[in-house]
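Visitor: Here's a sequence, model it:
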Amino acid sequence: MSTPPASLLVRSLLVATAACLLSQELAAQCLAWDVDAIVPQYYDRLGASVDGHNGSLVVGVPGHFGQGEALVFDITASGAVQTGLLWPSDIGAQDQFGQAVAIRGDVIVVGCPGDDAGAFGAGSAYAYERFFGVWLKTAKLQASVPTSSASFGSCVAVGDTWIAVGAPFDSSAAPFAGLVSLFQKTTAGWVLRQEEFGLNAYERFGSALAIRGGTLAVGAPGDGAGRVDLFEMGQLTWTPGPVLTPTGGSSTAEFGSSVDVFANRVLVGARSDSLLAPNAGAAYLFANTGTGWKQRQRFVPQQSMTADRFGAAVAIEDEILLVGAPGSDAAAPDAGEVHVFTESTVELGGFPLWVEKSSVTPLGAQAGTQLSGGFGSALAVDKFRFWVGSPDEDTSEADAGRVRTYTMTDDGCASLSVGPPEVSAHNPVQIDFELRAPAGLGGLPYFLLGSASGSTPGILIGSVLLPLELPDLYGDLLLFGANHGAVQNNLAYLDADGCAEASIDLAALGYPLLQGTTLTHSYFVFHAGGALYASPPVSVQIFY
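Guide: Next up, the predicted model:
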């Protein structure tokens, strides 16, 4: 990073131990970092699929150079570090490798529904396993009898020793009835143990899959309003169990277009439900009561709009429930939205009632930069964070795609407030900042970063490269060292509550150089050499 001229150095950034004035928010969802390709390409559609487990993240990029790929990341304190690129040498044009991904422990499975192996568009899936930190392809999975246009690999799921692969357009039993193939890990590798076929034409059995523990859930959204078949794991086979169908909703809801399983719960998306508005969507939560599976709750957004497709993706973990609505216009036309539900203390029929806690939309969408981004098309969640795929988002290339990562904390999101928001060139004043981080980060060091105009290079702090990615203005990066006068690259520290105050005396700057610009700031909290949190940016307009 080039050093700013001395006239632009801050004379003082005063840090005070001040009480946080912003209200606390329980179970907040904080935008932590984005996942992008190293070199984004046109129509990559990065984020069409995403899954994470035990510190690893896998992201599907099915449009990459017309063939597809999958990226593997290690999740660190400062974000995601790419550690693997999955791309089998035998794929070809329009194979859509990465359209579906799943990870569990040291196993990744990637769907390739356009593969012509065995028959045109029959599809396949690839299993990868991690050995000494390296992901190696260990199997190419196919149906016992590949059939034309079956799209085997459109959906995948992985359990402890099982892989399930869906072929929703398989016509072996009836036109587009669908198929699910189940592979078990043995000393001889991945062995096809069982195949389950859809029985009704156009039911698309295998459009959605989820495995958790001994439960397998299979979506068949084309069977009337749709259904989800449950299977229970045996030693060598899966035994058919209850069939879940929705109570309420429309007759063409596509119930089963997405599904997830956690403990004794099954969450099902119905992306085309039109009860409240055409294709507005809905989602359903089922629970095993001990005497059978019962529908516990039906979810719709607080404002159902046409073509929101609420329920196109779902995810559940412990006490958080996510529903994607990639067609939502909440932030911008078709930008997308994710609704976050948490358990309340109110019970309904002996079970906690889930309530909508918040919704998240893609940063920058309000400025019209994320039109038709499909934010919420894919979801993944663990105990500490969740990921949202936005495969149609325009980054540096059209439809390059992006995955956004949100952390979950009981202490609220990192935030930054500033005043005044506008400064006259004829009356330069002191700009005051109030910094707030989750209380659990109290006492840790932070940097306050700002940009003005030009281009923003990255800055290397320790071993962490931190580009200051702002939604609107990119500028020369200025690093203001708090409590150290004009000395740069020095840390200041949050108080015990995770708060701090800082100020910039504009009269001490080469102020004429800043006339007509917008100063945009964010702050980063550090621990053990990595950035834990970054606040949303704030801006101050300097006018003539």
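Visitor: need the contact list for the residue lying closest to F131 once chain neighbours are set aside.
Guide: Excluding the flanking residues, the one nearest F131 by CB to CB, 6 or more residues apart in numbering is D106, at 8.0 Å. Every residue, glycine included, has its C-beta placed from N, CA and C. For D106, the contact set (CB atoms under 8 Å, 6 or more residues apart in numbering) comprises 129-131.
Visitor: low-confidence ranges in the stretch 251-400 of the chain?
Guide: Applying pLDDT under 70 to the stretch 251-400 of the chain flags the ranges 363-371.
Visitor: at 80 instead, please
Guide: Within the stretch 251-400 of the chain, the stretches with pLDDT under 80 are 348-351, 363-372, 383-384, 396.
Visitor: Please apply the same query to the stretch 401-544 of the chain.
Guide: In the stretch 401-544 of the chain, residues with pLDDT under 80: 407-441, 445-493, 496-544.
Visitor: 90 - rerun?
Guide: Low-confidence segments of the stretch 401-544 of the chain, defined by pLDDT under 90: 404-544.
Visitor: List the beta-bridge partners for V338.
Guide: Applying DSSP bridges to V338 gives these bridge partners: G324, V360.
Visitor: Check G52 too.
Guide: L57.
Visitor: Run a quick check on it versus I103, I expect a contact.
Guide: Yes: assessed by CB atoms under 8 Å, G52 is found in contact with I103 at 6.8 Å.
Visitor: what residues are shared contacts of those two?
Guide: In contact with both G52 and I103: V58, using CB under 8 Å, 6+ apart.
Visitor: and the gap between the nearest residue to G248 once chain neighbours are set aside and A283?
Guide: In space, and not counting its chain neighbours, G248 is closest to R298: 5.2 Å by CB to CB, 6+ apart. In this structure, R298 and A283 are 8 Å apart, going by CB to CB, to the nearest Å.
Visitor: okay, these two: which has more neighbours?
Guide: A283 (32 against 16; other CB atoms under 10 Å).
Visitor: can you pull the contacts of that one?
Guide: 267-270, 298-300, 310-311, 314, 323.
Visitor: Which helix or strand lies directly C-terminal to the helix or strand where K140 lies?
Guide: Here K140 is covered by strand 134-141, with elements defined by DSSP states H and E. Once the chain leaves strand 134-141, the next helix or strand it forms, by DSSP H and E, is strand 155-158.
Visitor: what is the orientation angle of the next helix or strand after that following strand with strand 134-141?
Guide: Downstream of strand 155-158, the next assigned helix or strand under DSSP H and E is strand 162-167. With axes from the mean of the first three to the mean of the last three CA atoms, to 10 degrees as the basis, strand 162-167 and strand 134-141 are set at 50 degrees to each other.
Visitor: Report all helices and strands that the strand holding K140 contacts.
Guide: Contacts defined by 3 or more CB pairs under 8 Å, 6 or more residues apart in numbering; DSSP states H and E place strand 134-141 against strand 79-86, strand 124-131, strand 179-186, strand 189-197.
Visitor: can you redo those strands as a markdown table with distance to F386?
Guide: Supplementary listing: the helices and strands packed on strand 134-141 in a markdown table, determined by distance: least, CB to CB, whole Å:
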| stretch | distance to F386 |
| --- | --- |
| strand 79-86 | 13 |
| strand 124-131 | 23 |
| strand 179-186 | 26 |
| strand 189-197 | 29 |
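Visitor: Including mean pLDDT and mean neighbour count, could the ones you listed go into TSV?
Guide: As requested, the helices and strands packed on strand 134-141 are arranged in TSV below (pLDDT from 0 to 100; neighbours: other CB atoms under 10 Å):
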stretch	mean pLDDT	mean neighbour count
strand 79-86	87	17
strand 124-131	97	22
strand 179-186	97	21
strand 189-197	97	16
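Visitor: between those, which one is nearest to S207?
Guide: strand 179-186 (9.9 Å; CB to CB).
Visitor: Sheet-wise, list the partners of that closest one with their directions.
Guide: strand 162-167 (antiparallel), strand 189-197 (antiparallel).
Visitor: out of the helices and strands packed on strand 134-141, nearest to V156?
Guide: Closest among the helices and strands packed on strand 134-141, using CB to CB: strand 124-131, at 5.6 Å.
Visitor: how big is the angle separating that closest one from strand 179-186?
Guide: 20 degrees.
Visitor: by contact count, what packs against strand 124-131?
Guide: strand 107-112, strand 134-141, strand 162-167.
Visitor: Ok, which of these comes nearest I38?
Guide: strand 134-141 (16.9 Å).
Visitor: Send over that closest one as PDB, restricted to the C-alpha atoms.
Guide: The C-alpha atoms that make up strand 134-141 are tabulated as PDB, following Å, rounded to 0.1, in the frame of the first residue of the first chain:
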ATOM      1  CA  VAL A 134      -5.700 -32.700  -0.100                       C
ATOM      2  CA  TRP A 135      -9.000 -33.400  -1.800                       C
ATOM      3  CA  LEU A 136      -8.800 -36.300  -4.200                       C
ATOM      4  CA  LYS A 137     -11.400 -37.700  -6.600                       C
ATOM      5  CA  THR A 138     -12.200 -41.300  -5.400                       C
ATOM      6  CA  ALA A 139     -15.300 -42.200  -7.500                       C
ATOM      7  CA  LYS A 140     -17.500 -41.200 -10.400                       C
ATOM      8  CA  LEU A 141     -21.100 -42.100  -9.400                       C
END
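Visitor: Which residues does that strand contact?
Guide: 72, 83-84, 86, 88, 90, 108-109, 117, 124-130, 153, 163, 165, 181, 183, 189-190, 192.
Visitor: from the middle of its chain, how far away would it be?
Guide: 25 Å (CA atoms, centre = their mean, to the nearest Å).
Visitor: avg pLDDT for it?
Guide: Taken as a whole, strand 134-141 has a mean pLDDT of 97.
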